[in-house]
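A.B. asks: Requesting a structural model of the entry that follows:
(one chain, ligands or ions: 1)
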Amino acid sequence: MYISIINMMFWVRCNMKEYKAGIYLRLSKEDTNTNNSIEAQRDITINYAKAHDFTVVKEYVDNGWSGVLDSRPALNRMIIDIIKKQINMVIVKDLSRLTRDKNKTGYYTEIFFPDNDVRLISVTEFIDSGERYEIDDTIMLRGIMNQSYVADISKKIKSVKTDMKKQGKYVEKNVPYGYKKDDEDKYKVVIDETVSDNVKLIYEMYLQGCSQGEIAKHLTKLKIDTPKKYKGQNVTINEWRNDSISRILKDPFYTGKMIINKMYTDYRTKKKYKTPKKEWIFKENTHEALISQEKFDNVQQMLEEKFNKPQNEYEYLLKGLVYCGHCKSRMQYKYRTRSKIRNKILEEPQKCWYYKCRMIYKFPDICNKGHTIMENTLNEMVINIVKQKLNMINIDIATNKITDEYKRK
Ligand SMILES: [Zn+2]
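C.D. replies: Predicted structure coming up:
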């Protein structure tokens, strides 16, 4: 009798699968529920493993990672370990630790884990896929609940923010260059006198006909800190770029109004998107203006003209043939509206095509000349030279030569 019990136990042991469990712990930044702290999750999962005699061989922690992201460092490591057969059991506090995307829940529970022979246990939801993988439908249901939880939270946060914006409160983290947060009221912005004149200078220069590149160069020359550097971020070169100038020239914030719905966040991917301009909702007079509405409108009109290039019916004459005399790089064919030539302001703005050596923006070490030439001027020069050369050729002799050659062959 005694022997047969031993035999039976031996038989049971042999048939019992050896589990190598991995515990997966995740905490997102927004999660303030203390039951979800990494420590709490660790306690719950490890205690469960101990109570059921499962050996925990690895712990995977994604601290500060949202459950809607597909790719998280620890999750990725766990997936690799599963594929390498280093673990064959995953224990989580609840399924939403694994993912908050309902499609992904289905993917893990119905495809990836079963395919890789992994047993899944969600402690607080009493889910255990068991040895033969029998998970009930509640898993899919939980997946849906977990996803709607995120949607709900993000909607709540968004509506609180929108309400505050409608009251004229500034709720964003960053303040446009030229402004700062009020020391006494964190929902208010005031003019930052240290740099506000630079914003005015940018607008003035543009209105006087300087290009964005010229403005950037000018500010760099004056050794004015770029917005990034001024904010205290690490920058390798303190050099103004066209896109900083462009951003400042296009931001209606400088006229004293706030855009309530400038960006929206897709709660599933956490990515931010810009709202189309025509859908913007403005709240007027939320802060002191740096630029008058009239000046701002003029600038917008000039910017628009610059980008509304006329469509050329034909390829331009010298396509692919114009190179910078200094650095030998191909010059770019560009279009712009000029309102001044050599510091002389024109009565009528002139629209023109021109060639420019762009090295100055990309590799100023190679060529910092920024050579520019109007297409009209260059075409005229080239045509004159071609005419001169043609005059030097005796057409009769040339055609006879060609006919002879043709006959011979
Ligand atoms: Zn050049």
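A.B. asks: Find the residue closest to the residue of the stretch 151-300 of the chain found nearest the ion in space, skipping its chain neighbours.
C.D. replies: The stretch 151-300 of the chain approaches the ion most closely through G213 (14.0 Å), counting by C-beta to the ion. Where C-beta positions appear, they are placed from N, C-alpha and C, glycine not excepted. Using C-beta to C-beta, 6 or more residues apart in numbering and skipping the chain neighbours, the partner closest in space to G213 is N242 (5.6 Å).
A.B. asks: ditto for V235
C.D. replies: Using C-beta to C-beta, 6+ apart, the closest residue to V235 is K229 (4.8 Å).
A.B. asks: Kindly check the end-to-end length of stretch 64-77 for me.
C.D. replies: Distance across stretch 64-77, first residue to last, is 16 Å (C-alpha to C-alpha, to the nearest Å).
A.B. asks: same check, this time on stretch 324-344
C.D. replies: 26 Å.
A.B. asks: Contacts for stretch 213-233 next, please.
C.D. replies: Contact with stretch 213-233 is made by 177, 195, 198, 201-202, 205-206, 210, 235, 238-242, 244-245, 360-361, 370, as judged by C-beta atoms under 8 Å, 6 or more residues apart in numbering.
A.B. asks: If we use 6 Å, what do you get?
C.D. replies: 177, 198, 202, 205, 235, 238-242, 244-245 (C-beta atoms under 6 Å, 6 or more residues apart in numbering).
A.B. asks: Determine which two of the residues you listed are furthest apart.
C.D. replies: M205 and V235 (22.3 Å; C-beta to C-beta).
A.B. asks: quick one, which of these two is more surrounded?
C.D. replies: M205 (17 against 14; other C-beta atoms under 10 Å).
A.B. asks: For the more buried one, report the pLDDT, please.
C.D. replies: The score at M205 is 91. That number is its pLDDT.
A.B. asks: just the one 4 residues further on next, same as before
C.D. replies: The pLDDT attached to G209 in the predicted structure is 79.
A.B. asks: Does it touch N343 like I think?
C.D. replies: No: contact criterion C-beta atoms under 6 Å: G209 and N343 do not qualify, at 9.2 Å.
A.B. asks: more crowded one of those two?
C.D. replies: G209 (20 against 7).
A.B. asks: OK, contacts around that one?
C.D. replies: Neighbour list for G209: 339-340 [criterion: C-beta under 6 Å, 6+ apart].
A.B. asks: Does it fall in a helix, a strand, or a coil region?
C.D. replies: When classified by DSSP: H, G, I helix; E, B strand; the rest coil, G209 comes out as coil.
A.B. asks: ok, V195 - how many residues close by?
C.D. replies: As a burial measure, V195 scores 16 neighbours (other C-beta under 10 Å).
A.B. asks: where's it relative to Y203, distance?
C.D. replies: From V195 over to Y203 the distance is 14 Å, taken as C-beta to C-beta, to the nearest Å.
A.B. asks: Identify the contacts common to the two.
C.D. replies: What both V195 and Y203 touch, as defined by C-beta under 6 Å, 6+ apart, is an empty set.
A.B. asks: At the contact with the ion, which residues of the stretch 1-150 of the chain appear?
C.D. replies: Neighbours of the ion within the stretch 1-150 of the chain, by C-beta under 5 Å from the ion: none found.
A.B. asks: in the stretch 1-150 of the chain, what spans have low per-residue confidence?
C.D. replies: Along the stretch 1-150 of the chain, segments meeting pLDDT under 70 span 1-16, 131-150.
A.B. asks: Whichever residue of it sits closest to the ion and N116: what is the separation?
C.D. replies: Of all residues in the stretch 1-150 of the chain, S71 sits closest to the ion, at 42.7 Å by C-beta to the ion. Between S71 and N116 the distance is 18 Å, computed by C-beta to C-beta.
A.B. asks: ok, those two, which is more surrounded?
C.D. replies: Counted by other C-beta under 10 Å, S71 and N116 do not tie: N116 has more neighbours, with 13 against 8.
A.B. asks: Any stretches of the stretch 301-409 of the chain with poor pLDDT?
C.D. replies: Flagging of the stretch 301-409 of the chain using pLDDT under 70 yields the residue ranges 306-314.
A.B. asks: can you pull out the strands in it?
C.D. replies: Taking DSSP state E, counting those that start in this stretch as the test, the strands found in the stretch 301-409 of the chain are 332-341, 344-356, 372-374.
A.B. asks: can you redo these as TSV with distance to H287?
C.D. replies: Shown next, in TSV, are these (distance: least, C-beta to C-beta, whole Å):
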stretch	distance to H287
strand 332-341	30
strand 344-356	32
strand 372-374	39
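A.B. asks: Out of these, which gets nearest to the ion?
C.D. replies: Closest of these to the ion is strand 344-356, at 9.1 Å (criterion: C-beta to the ion).
A.B. asks: Please work out which residues outside that closest one touch it.
C.D. replies: 322, 331-332, 334-335, 337-340, 372-375.
A.B. asks: buried ones in it?
C.D. replies: By 16 or more other C-beta atoms under 10 Å, the buried positions in strand 344-356 come out as 353-356.
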